[in-house]
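Peer 1: Got a predicted structure plus its sequence, pasted below:
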Amino acid sequence: MESIAVNYEPNQYLAGWKPSTGRLFVPALSDAKLGEHVAVRVGIFGQSIRATVFGKIASVRRIGRPTLPPGVELTLDKASLSAANFLAVAARGEPVSFRERSPRFAVERPLTLVRESNGQELVVKTVNVAEGGCAVEWSGPPPAVGELLGVKVRVAIFTTSVRVVVCWATPAVVMPVTVGLRVVARGLPARAWRALVAEVAKAGARSS
């Protein structure tokens, strides 16, 4: 999965975001391929708000002009639509109100991760967990935003792999490195992750 960071002028973002179709124009990656999955860290000039959105390349504009730069149009995944709309509110200069999120529980718990790119297994320690994902301590250089991983979660006598994507990572100069993971699994793996979070909550972990 390709990952980049893009800063938009407010008007540029509003012109490129189409909420009716869930598509966002990204003035970069014009050498990318249709159907490729991309993670984009979006910033708006003049705003402190940043958000990472995920999507699939729906069209490519390889040659542009000053008013129509080259780039790609992404079809955002459902979980990224609220972030894209949130950025649009900020780009319009409207007051931004943060919505209440689901509880996040501070807990140190070992997790076994599997890197989809090479099958490497890593044992990490959680900093916190929530229904939408978790933050973990990472040993060594952090993974790239957009990298896909599997988290091994035990369900009864079976172990299932819960698919997650890297949303953010602290710089490698900050020790220990902390990495944010967002759950993108559905069905049984998603239920297994929610059961893990419920188990943590039941054990009395502090919420924030």
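Peer 2: Everything's here; your move.

Peer 1: which stretches of the chain have low pLDDT?
Peer 2: By pLDDT under 70, the weakly predicted segments of the chain are 1, 64-67, 96-102, 172-175, 206-208.

Peer 1: show me where this structure has helices.
Peer 2: 10-16, 78-91, 187-202 (DSSP state H).

Peer 1: would you list those helices in JSON lines and tack on distance to Thr112?
Peer 2: For every residue, glycine as well, the C-beta is placed using N, CA and C. What follows is the helices of the chain, written out as JSON lines (distance: least, Cβ to Cβ, whole Å):
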{"stretch": "helix 10-16", "distance to Thr112": "39"}
{"stretch": "helix 78-91", "distance to Thr112": "24"}
{"stretch": "helix 187-202", "distance to Thr112": "12"}
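
Peer 1: In TSV: these, plus distance to Trp168 and mean neighbour count.
Peer 2: Output for these, formatted as TSV (distance: least, Cβ to Cβ, whole Å; neighbours: other Cβ atoms under 10 Å):
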stretch	distance to Trp168	mean neighbour count
helix 10-16	20	16
helix 78-91	12	17
helix 187-202	19	16
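
Peer 1: Out of the ones you listed, the one nearest Cys134 is which?
Peer 2: helix 187-202 (8.6 Å; Cβ to Cβ).

Peer 1: what about that closest one, distance to the chain center?
Peer 2: 19 Å (Cα atoms, centre = their mean, to the nearest Å).

Peer 1: Could you do stretch 13-27 as well?
Peer 2: Using Cα atoms, centre = their mean, the offset of stretch 13-27 from its chain centre is 18 Å.

Peer 1: Show me which residues of that stretch are buried.
Peer 2: The neighbour-count check on stretch 13-27 (16 or more other Cβ atoms under 10 Å) flags 13, 16-17, 22-27 as buried.

Peer 1: Also stretch 169-187?
Peer 2: Those would be 169-170, 177-185, for stretch 169-187 by 16+ other Cβ under 10 Å.

Peer 1: Not counting its own residues, what contacts it?
Peer 2: 54, 77, 79, 124, 127, 131-143, 145, 148-149, 151, 162-168, 190, 193 (Cβ atoms under 8 Å, 6 or more residues apart in numbering).

Peer 1: Straight-line length of that stretch, end to end?
Peer 2: 27 Å (Cα to Cα, to the nearest Å).

Peer 1: From the chain's centroid, how far away is that stretch?
Peer 2: 9 Å.

Peer 1: that older thread, which one of the helices of the chain lies nearest to Pro110?
Peer 2: Judging the helices of the chain by Cβ to Cβ, what sits closest to Pro110 is helix 187-202, at 12.0 Å.
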